[in-house]
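Peer 1: Here is a sequence together with a model predicted from it:
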Amino acid sequence: MSEKRELWSDVDRYVEDVLLGHDAALDHAATASRAAGLPDIAVAPNQGKLLNLIARMIGARRILEVGTLGGYSAIWLARALPEGGELVTLEYDPKHAEVARANIAAAGLADRATVITGAALDTLPTLKGPFDLAFIDADKKSNPDYFAWALKLSRKGGVIVVDNVVREGRVIDAESRDENVLGIRRLNEMMAAETRVSATALQTVGVKGHDGLAIALVVADE
Ligand code: SAH
Ligand code: DHB
Ligand code: MG
């Protein structure tokens, strides 16, 4: 690991220690996901807290997530919900979905979080909006389709967050043939051209390396 990357990780851990503290349900979700052999690609703790804060800032009552993995970000999001609120999270891999359901139940959130198994492009058309917040974090090549669905299912004033939009800077390679990079670039073009949203993207460094988040505010219904 490069010296810089080590420093980024140390700062993330410092932020976690000082500002977030440690949490049994989230630590359990991370440990159980690792034990089940899931890849180590959940959001970092400080990113999970950011998602939680965004949900609370906008008073989100219904949240959509695309890409559940072991339910780590889902737990951060579901915890932001008021009584009667709902998180719907979509996961392709049945094994990931099963681990996520167990982690969500262990966190005491089974009453407000539903994991739907299947390819998101098959399950999104079965959902009823509106959602207040969407978090897109699945296969990056489909980001343009996920963004179109999230927008369709959002209310005015809603927020759409997309993970992994920088990928160590690979996003700026206009010649890239990598379908994930193409998906992210196309997403950015869509957000720029779409009059119903106002968007930005932020680079992040930390335990997850150099990556970034896009955030779009839905400013109009049509
Ligand atoms: N949001 C999670 C991380 C998700 S990782 C967290 O931060 O904790 C990406 C997930 O998307 C993986 O579990 C992967 O199986 C899932 N995925 C990939 N392709 C998908 C598809 N077509 N539909 C739904 N989920 C998909
Ligand atoms: C990958 C996916 C993610 O959602 C992430 O946060 C990091 C990496 C991946 O597929 O490599
Ligand atoms: Mg991600």
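Peer 2: Looks like it arrived, so ask away. Numbers count the residues shown, from 1 in each chain. Ligands and ions are numbered 1, 2, ... in the order given.

Peer 1: thinking S73 is in contact with I63, fair?
Peer 2: No - taking contacts as C-beta atoms under 8 Å, S73 lies outside contact range of I63: 10.3 Å. No exception for glycine: its C-beta is placed from N, CA and C like everyone else's.

Peer 1: what about H22, helix or strand, and which?
Peer 2: Using DSSP states H and E, H22 sits within no helix or strand.

Peer 1: and what of T89?
Peer 2: strand 86-91.

Peer 1: Could you confirm whether that strand reaches ligand 3?
Peer 2: No - using C-beta under 5 Å from the ion, strand 86-91 stays clear of ligand 3, coming no nearer than 12.9 Å.

Peer 1: hmm, that strand touching ligand 1?
Peer 2: Yes - counting by C-beta under 6 Å from any ligand atom, contacts between strand 86-91 and ligand 1 involve 90-91.

Peer 1: That strand packs against which elements?
Peer 2: strand 62-66, helix 72-78, helix 94-106, strand 113-117 (3 or more C-beta pairs under 8 Å, 6 or more residues apart in numbering; DSSP states H and E).

Peer 1: So in that sheet, which strands flank the first one, and in what orientation?
Peer 2: Under the criterion DSSP bridges, strand 62-66 sits next to strand 86-91 (parallel), strand 131-136 (parallel) in its sheet.

Peer 1: quick one on the thing from earlier: can you list residues touching both of S73 and I63?
Peer 2: Both S73 and I63 are contacted by F135, under the criterion C-beta atoms under 8 Å, 6 or more residues apart in numbering.

Peer 1: quick one on the thing from earlier: quick one: closest of the helices and strands packed on strand 86-91 to ligand 3.
Peer 2: helix 72-78 (7.9 Å; C-beta to the ion).

Peer 1: Is there proximity between that closest one and ligand 2?
Peer 2: No - judged by C-beta under 6 Å from any ligand atom, helix 72-78 makes no contact with ligand 2; its nearest approach is 9.1 Å.

Peer 1: Grab the CA positions of the longest helix seen in the chain and hand them over as CSV.
Peer 2: When the chain is parsed with DSSP state H, its longest helix is helix 179-193. Output in CSV follows, covering the C-alpha atoms of helix 179-193 (Å, rounded to 0.1, in the frame of the first residue of the first chain):
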residue,chain,number,x,y,z
GLU,A,179,-17.9,-0.7,-19.5
ASN,A,180,-17.9,0.4,-15.9
VAL,A,181,-16.1,3.7,-16.8
LEU,A,182,-18.4,4.1,-19.7
GLY,A,183,-21.4,3.7,-17.4
ILE,A,184,-20.1,6.3,-15.1
ARG,A,185,-19.3,8.8,-17.9
ARG,A,186,-22.7,8.3,-19.4
LEU,A,187,-24.3,8.8,-16.0
ASN,A,188,-22.5,12.2,-15.7
GLU,A,189,-23.7,13.2,-19.1
MET,A,190,-27.2,12.2,-18.2
MET,A,191,-27.2,14.2,-15.0
ALA,A,192,-25.8,17.2,-16.8
ALA,A,193,-28.4,17.1,-19.5
